[in-house]
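> structure for the following, please:
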Amino acid sequence: MRVPLATYRLQLARHLTLDDATALLPYLQALGVSDCYTSPFFETSSQDSHGYDVNDHNAIRGEIGGESAFRRFAEGLRRLDMGLLIDLVPNHMGIAGNRNARWLEVLESGAASPSAIYFDIDWAPVKVELKDKVLLPILGDHYGTVLDSGQLTLTLADGGFCVRYYETVLPIAPRTWSRILGLGLADLQARLGAEHPDLLELKSLISWFTTIPPRSEADAELAGARRREVTLGRKRLAALLDQAPVIREFVEANVRALNGTPGDPRSFDALDALLDEQAYRVAFWRVAGEEINYRRFFDINELAAIRMEVPEVFAETHRLVFRLVSEGVVTGLRVDHPDGLYAPAEYFQRLQRGCARALGRDDDFYVVAEKILAPGEHLPEGWPTAGTTGYEFLNLVNGVFVDRAQARALEQVYARMIKVRPPFSDVVYECKRLIMETSMAAELNMLSHRLNRISEKHRSSRDFTLASLTTALREIIAAFPVYRTYVGDPPLSPAPPDDRDREYIARAVAHAKRRTPTLNASVYDWVHDVLTLCFPDWASDQDCAERVDFVRSFQQITGPVTAKGYEDTVLYRFNRLVSLNEVGGDPSRFGTALGEFHAENVERRRRSPHALSATATHDTKRGEDVRTRINVLSEIPAEWRARVAAWQRLNRKHRTAVDGQPTPGANTEYLVYQTLVGAWPIDVERFRAYLAKAVREAKVHTSWINPNARYDEAIAKFAEAILDPGRSAAFLDDFVPFQARVAHFGALSSLGQTLIKLTAPGVP
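Sure, this is the predicted structure:
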């Protein structure tokens with residue numbers, strides 16, 4: 001196995017193309033970098049993308065140079081004897097922007113599409129009206145309002161039909177084209193005569209499309225015939241429209257009629273009926289949280305999860321990767337978000353086997369997993385990887401530069417500042433519950449109904465109500481101590497949970513019981529047995545398989561709830577010392593004791609000596625230098641308290657009353673000053689944008705889903721005012737020298753952190 005000596009990550013985009021990266025290689029080599037570590041470079045669903053919305057795993061993005069530029073990049077690496085660690089995204093695909101051919105095929109043909117196996121879609125969801133349909137929450141208002149205002153428009157293009165909603169283009173299933181082609185057919189016949197050859201061809205096509213096997217047809221032979229008939233029918237229609245102007249004019253007139261007239265709601269009835277026959281249902285974007293029926297990356301509607309556990313899906317999405325491995329161009333793999341996979345261990349095993357076949361040898365390939373470990377947690381033993389991408393190392397080494405002796409003093413500063421200081425565990429619990437009640441309510445709803453069906457299988461559990469099971473699941477997930485467990489993985493030989501996973505589940509169930517004493521404990525006991533695969537004596541093989549499948553789906557949801565509830569909510573609410581508010585960190589633990597630091601490095605040397613040692617990534621909340629500056633505040637709590645109190649008085653005049661409350665409130669203002677200490681100098685636009693994100697992520701006074709315009713405006717005005725020398729001279733005169741002194745010591749800490757990264761076990 002080739003192990004990198006040191007890596008450097010390149011975020012490829014329009015501003016840094018593959019040719020730009022090639023030009024940087026000599027400089028990176030001179031720094032001591034042995035391997036370039038690139039963001040995903042596959043084709044994406046959006047322009048100027050971060051790379052994680054892949055829509056074609058087997059093509060290199062033209063936006064960054066395409067195949068030819070990649071070859072020049074590979075040759076540059078070869079000449080300098082440098083390796084290439086690439087970022088894989090196996091959990092999801094980008095579906096926005098009409099660029100994902102597989103997703104469009106599913107929207108046209110539904111479950112009968114060959115691409116349907118790629119996506120994790122519930123074709124028989126809780127809402128019966130969505131049976132055999134995909135919910136598309138893409139509208140800016142309620143469906144009826146959007147339709148009746150003419151924003152959904154039927155279009156004739158390329159010998160077929162689609163419906164447009166601004167930049168979004170959705171296919172119209174050929175089986176339903178007869179609704180369009182047959183409109184006003186009697187009048188056309190009266191004009192042309194019953195035996196006109198163009199009319200006869202049109203009638204033949206109407207019959208052709210009407211008799212295409214329906215999208216619900218599961219028979220493989222009929223499904224294949226359906227695809228052939230659709231292809232031939234498209235060609236015939238395109239030829240007819242090209243050769244017969246009178247037919248084209250007729251069809252275009254029908255399209256205009258179906259598009260209706262704003263102000264006349266009845267004129268949109270036919271278009272409404274046409275849309276109702278499609279394999280999708282367009283809806284107001286706010287519907288997604290409660291009714292979406294395809295699994296997403298977290299709660300992002302534009303990123304649809306894929307079923308990497310299906311062998312065909314794995315093989316097709318890794319063709320290019322294995323080719324590049326076989327050519328010796330790619331020497332390492334970074335796997336994004338493996339916790340979203342149905343069976344992560346199986347995925348890593350397949351990945352290693354594929355690399356071994358590509359190279360013609362049996363030794364392990366260098367693979368690291370973007371797995372976020374809770375304090376004290378380790379990678380599952382069954383994962384054939386070199387370790388993680390390094391979040392646990394980041395938090396460990398960052399904690400060394402926090403003065404643990406001042407924990408109580410800084411806690412007092414924070415408590416005095418915000419007045420009400422709930423226990424950190426309560427903040428985490430409430431935020432995870434909030435996510436399950438809002439943006440991920442649909443996922444909880446789906447799980448609850450599946451669990452309810454399992455409970456109905458036997459008299460011993462059939463009296464557990466849907467409401468009680470929903471409560472139990474919500475409380476257990478809210479109390480989950482880690483991102484996920486790995487019960488039943490790998491799926492080819494599902495086994496009971498190991499001691500570690502059994503403990504995590506038991507802790508979550510115990511905490512949930514304490515939180516909800518009014519719910520009968522027998523419900524929790526039964527759910528515990530389901531989650532730990534304690535099969536009852538009466539269970540058939542099918543019953544056991546259903547429980548295993550449920551547990552795997554449950555495990556795919558606990559991670560996203562934790563990510564959205566903890567990373568993207570808690571870490572913007574709990575502001576005691578925000579340098580500790582990092583992915584994989586626990587800000588309630590004040591720093592790292594030196595004994596703990598050394599013990600963890602000994603363990604790291606034993607378990608994963610070749611894991612990445614990160615101090616910053618593209619996903620961290622703050623840069624490494626910003627963190628080390630803020631860490632310095634832990635060494636001077638008394639002075640910090642005095643400074644903050646003075647700045648509050650000086651800046652009181654810049655606050656705005658919103659709903660009777662001065663804005664920003666104390667907790668947000670405390671974040672403001674820590675951010676300025678860490679990031680100074682900072683321009684107003686960037687500072688304002690950061691605060692807008694922070695307060696919306698916190699979801700206390702405003703949010704992305706329900707923005708509070710007056711609150712958002714008050715935050716922006718405060719940011720602008722305190723950075724304006726004309727309005728805040730006294731504040732800046734006091735702040736700037738203080739920040740400069742902090743930055744000096746922060747720089748020393750940053751150098752120390754870098755030295756540790758270069759010498760500790762792992763790959764920097």
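> so who does the residue nearest to residue 622 when sequence neighbours are not counted touch?
Excluding its sequence neighbours, the residue lying closest to residue 622 (CB to CB, 6 or more residues apart in numbering) is residue 678, at 6.4 Å. C-beta coordinates here come from the backbone N, C-alpha and C atoms, glycine included. Residues in contact with residue 678, defined by CB atoms under 8 Å, 6 or more residues apart in numbering, are 578-579, 622, 625-627, 629-630, 746.
> wasn't residue 678 part of a strand?
No. The assignment for residue 678 by DSSP: H, G, I helix; E, B strand; the rest coil gives helix, which leaves it out of any strand.
> separation between it and residue 582?
From residue 678 over to residue 582 the distance is 13 Å, taken as CB to CB, to the nearest Å.
> intersection of neighbour lists for these two?
Counting by CB under 8 Å, 6+ apart, the residues touching both residue 678 and residue 582 are 622, 627.
> residues in contact with the residue nearest to residue 386 when sequence neighbours are not counted?
Of all residues not flanking residue 386 in the chain, residue 610 sits nearest, at 4.2 Å (CB to CB, 6+ apart). Residues counted as contacts of residue 610 (CB under 8 Å, 6+ apart) are 3, 366, 386-387, 762-763.
> against residue 404, how distant is the residue nearest to residue 622?
Between residue 678 and residue 404 the distance is 20 Å, computed by CB to CB.
> so where is the stretch 51-200 of the chain shaky, pLDDT-wise?
Along the stretch 51-200 of the chain, the model assigns pLDDT under 70 to no residue.
> so which residues of it form strands?
In chain order, the stretch 51-200 of the chain shows strands spanning 54-60, 83-88, 92-94, 134-139, 153-157, 160-165, 168-171, with DSSP state E, counting those that start in this stretch as the criterion.
> now render those as TSV, adding distance to residue 703 and mean neighbour count.
As requested, those are arranged in TSV below (distance: least, CB to CB, whole Å; neighbours: other CB atoms under 10 Å):
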stretch	distance to residue 703	mean neighbour count
strand 54-60	28	20
strand 83-88	30	22
strand 92-94	23	26
strand 134-139	17	22
strand 153-157	32	16
strand 160-165	25	19
strand 168-171	24	17
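> quick one: which of these is nearest residue 500?
Across the strands of the stretch 51-200 of the chain, the minimum distance to residue 500, taken as CB to CB, is reached by strand 83-88, at 26.2 Å.
> tell me which strands the closest one pairs with, and in which orientation.
Strands that pair with strand 83-88, judged by DSSP bridges, come out as strand 35-38 (parallel), strand 332-335 (parallel).
> for the very next helix or strand once past the last one, what is the average pLDDT?
Toward the C-terminal end, the helix or strand that comes next after strand 332-335 (DSSP states H and E) is helix 344-359. Throughout helix 344-359, pLDDT has a mean value of 97.
> so helix 344-359 versus strand 83-88, what angle?
Computed with axes from the mean of the first three to the mean of the last three CA atoms, to 10 degrees, the direction of helix 344-359 lies at 140 degrees from that of strand 83-88.
> domain ranges for the chain, per the record?
By the record's domain assignment, the chain is partitioned as 7-95+302-370, 122-293, 408-572, 633-746 (automatic domain parsing).
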